[in-house]
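[1] quick one: sequence plus predicted model below, questions after.
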Amino acid sequence: MRPVGVIGGGAWGTALAQVCARAGLETVLWAREGEVVSAIATRRENARFLPGVRLDDRIMATTEPRDLSELDLLFAVSPAQHFRATLTLLRPSLRPEATVVICAKGIESSSLKLMSEVLSDALPHARPAVLSGPSFAEEVARGLPTAVTLAAPTDADGQRIARVIAGPNFRPYLSTDMIGAQAGGSVKNVLAIACGVAEGRSLGASAKAALITRGFAEMTRLAVALGAAPETLAGLCGLGDLVLTCGSPQSRNMSLGLALGHGQSAWDALAGRLTVAEGAESAPAVAALADRLGVEAPICEAVAAILDGSLDVDAAMARLLSRPLRTEA
């Protein structure tokens with residue numbers, strides 16, 4: 001099998017490189033950080049973003065874009081707000097019609113575009129796909145059982161990619177709903193912040209369950225307004241990812257919410273983090289996109305307001321609880 005490439009040397013990019021290598025593929029992991037590349041080359045470990053996990057010898061780390069030039073299949077794992085800039089930087093070195101699997105979860109804040117739209121702008125001839133679902137990087141890298149959604153334009157495209165990356169402990173389920181897969185991954189990060197706030201404020205398990213359930217309704221409404229099928233959001237890329245991300249402080253977004261719930265400002269909570277909490281950037285974008293589409297998203301709006309300082313946590317919770325009574329459907 002031909003080598004594959006992974007764009008982005010953070011925790012999730014490194015974990016996906018490990019998945020590809022375990023599937024028997026020579027894997028090129030492109031990273032910006034020279035220290036990441038050096039550590040993988042000398043110690044077989046991404047000590048900065050995924051410490052303690054020995055990486056497969058089939059992974060070759062590099063900072064050179066030209067090392068991606070002959071690859072037909074690429075997994076793009078750059079954070080959502082850097083996705084466009086990274087693809088634009090690498091464009092001269094990439095095969096124009098390569099398959100690019102979008103692994104970033106977010107909405108571009110400057111344009112309110114999904115990552116598939118950003119990909120189309122940056123690499124107009126690329127063949128898109130989306131990988132999303134409940135998957136903590138360290139667990140995936142260690143080979144613990146994981147199931148994800150792989151969405152591609154056609155069943156044949158999805159089967160072709162799935163055969164490459166599937167393994168005994170990594171199971172992709174196929175879909176052709178790329179919009180739904182992206183919407184679920186983007187909104188769940190915002191909702192995880194809300195659940196973290198509730199946990200940090202000791203609001204109880206009942207409040208957390210309500211946030212997950214009503215947040216899932218917001219996620220589905222927004223996805224359908226964008227053109228997704230509602231049943232997609234009931235799968236791994238929607239409900240599955242939401243349950244995982246809202247249920248563990250291991251989630252970067254939930255841990256951010258915990259800090260906010262404990263009284264930290266967004267600035268203090270985000271300062272000094274090595275890893276990106278995508279929900280912090282996606283929250284205002286999700287709220288703005290929902291407003292543009294005429295979709296009610298009060299929980300996402302509340303998270304955006306807490307992050308920008310226009311509402312404190314208590315005022316945001318009071319606003320949510322004082323909304324007019326309505327039917328659940």
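    That came through, no problem.
[2] near Leu119, how many other residues are there?
    The tally of other residues near Leu119 (other C-beta atoms under 10 Å) stands at 23. In this view, the C-beta of every residue, glycine as well, is placed from N, C-alpha and C.
[3] quick one, what contacts it?
    Residues in contact with Leu119 (C-beta atoms under 8 Å, 6 or more residues apart in numbering) are Ala76, Phe83, Leu87, Val100, Ile102, Ala126, Pro128.
[4] so what's the residue most central in space within the chain up against?
    The residue lying closest to the centre of the chain (C-alpha atoms, centre = their mean) is Lys105, at 2.8 Å. Under the criterion of C-beta under 8 Å, 6+ apart, the contact list for Lys105 reads Ala80, Ser132, Gln182, Gly185, Ser186, Lys188, Asn189, Glu278, Ser282.
[5] pLDDT score for the fifth one?
    Confidence at Ser186, expressed as pLDDT, is 96.
[6] for the helix or strand where it lies, which positions count as buried?
    If you go by DSSP states H and E, Ser186 is part of helix 178-200. Within helix 178-200, the residues that count as buried by 16 or more other C-beta atoms under 10 Å are 178-200.
[7] flag every buried residue along the lowest-mean-pLDDT helix or strand in the chain.
    Ranked by mean pLDDT, DSSP states H and E, the helix or strand of the chain with the weakest confidence is helix 266-270, at a mean of 89. Taking 16+ other C-beta under 10 Å as the neighbour-count basis, helix 266-270 is seen to contain the buried residues Ala266, Ala269, Leu270.
[8] pretty sure Gly272 sits in a helix.
    No: residue assignment for Gly272, taken from DSSP: H, G, I helix; E, B strand; the rest coil, gives coil, which places it outside any helix.
[9] what's the closest of the contacts of Leu119 to Cys246?
    Ile102 (22.4 Å; C-beta to C-beta).
[10] which phi and psi does the closest one have?
    Here is the backbone geometry of Ile102 (degrees, to the nearest 10): phi -80, psi 120.
[11] count the residues that sit near it.
    27.
[12] neighbouring contacts of stretch 257-275?
    Residues from elsewhere that reach stretch 257-275 (C-beta under 8 Å, 6+ apart): 10-11, 48-49, 192-201, 249, 252, 256, 277, 280, 303, 306-309, 313.
[13] ok now that stretch, how far from the chain's centre?
    Averaging C-alpha positions (C-alpha atoms, centre = their mean, to the nearest Å) puts stretch 257-275 19 Å from its chain's average.
[14] how about Thr88, what does it touch?
    Thr88 makes contact with Ala122, according to C-beta under 8 Å, 6+ apart.
[15] assign it to helix, strand or coil.
    Relying on three-state DSSP, one would call Thr88 helix.
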